[in-house]
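Participant: Attaching a predicted model along with its sequence, questions to come.
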Amino acid sequence: MISGEAGASRRDFVVRIARAAGISPLVLGVLAGRGEALVPGEEADLAILYAALALEHHAIALYDVGLERGLFPAGLRAHAVEFRGDHLGHRDTQVAIAEERGGRPPEALASYELGPLQPGDRFVQRALEIEVAAQRAYTGLISQIRTRDYLLSAAFILVDEVRHMTVWRRALGLQIY
């Protein structure tokens, strides 16, 4: 387990990150295992899309702070820049899908509760935490998606989240699988 998960279940960990990212109570309930599955359709797809966007906004904020303050180790900065770019692309794709459907995608929050930020491996650990939360959220919600283009987009994003997790885990000397 990664730090931040000790003493809490994996589900609680994902819900904590999702709540900090500003995800709607409806989707938080699904992630927390409370309530029923979302009713399939456009409304459910948009709710999931907005939840994913909230996580992307949170990840972008974390990477922005880490890059601006030099919190990533020098040898890992290129990965951080690449992964930030991936999250920007995920955000832009999901915004476009929502707008095509007449939705109103959520804007980034004015600020995010990122907690204490320490440089080096500790900051890489924080980046890993947001990637793990995103991967688990996408994995938990992808089965609820009914719209083909969004399902395809979410699948590609999930692959990126796993790739990001793998790089950060390897950088930290953690078991990858």
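Facilitator: In hand now; what should we look at? Numbers count the residues shown, from 1 in each chain.
Participant: C-alpha only now, for contacts and for neighbours.
Facilitator: Noted.
Participant: Distance-wise, check residue 113 relative to residue 58.
Facilitator: In this view, residue 113 and residue 58 are 9 Å apart by CA to CA, to the nearest Å.
Participant: And the two? Which one has more around it.
Facilitator: residue 58 (26 against 11; other CA atoms under 10 Å).
Participant: And that one, which helix or strand is it part of?
Facilitator: Under the criterion DSSP states H and E, the helix or strand holding residue 58 is helix 42-68.
Participant: In that helix, which residues are buried?
Facilitator: Within helix 42-68, the residues that count as buried by 16 or more other CA atoms under 10 Å are 44-63, 66-67.
Participant: same deal with stretch 72-92?
Facilitator: 72-73, 80, 83-84, 86-88, 90-91.
Participant: what does stretch 129-142 give?
Facilitator: 129-138, 140-142.
Participant: which pair in the residues you listed spans the largest distance?
Facilitator: Greatest spacing in the buried residues of stretch 129-142, by CA to CA: 129 and 142 (19.7 Å).
Participant: Pass me the low-pLDDT residue ranges in this structure, would you?
Facilitator: Within the chain, the stretches with pLDDT under 70 are 1-38, 40.
Participant: can you do 90?
Facilitator: Residue ranges of the chain with pLDDT under 90: 1-55, 98, 101, 103-104, 106, 109, 111-116, 130, 132-151, 176-177.
Participant: which secondary structure element contains residue 106?
Facilitator: Using DSSP H and E, no helix or strand contains residue 106.
Participant: OK, contacts around it?
Facilitator: 50, 53-54 (CA atoms under 8 Å, 6 or more residues apart in numbering).
Participant: Tell me the one among the residues you listed nearest to residue 104.
Facilitator: Of all the contacts of residue 106, residue 104 sits closest to residue 50, with 8.8 Å by CA to CA.
Participant: So that closest one sits against residue 107, correct?
Facilitator: No - Residue 50 is beyond contact range of residue 107, at 9.5 Å (criterion: CA atoms under 8 Å).
Participant: tell me, what residue is most central in this protein?
Facilitator: In the chain, the residue lying closest to the centroid (CA atoms, centre = their mean) is residue 134, at 3.0 Å.
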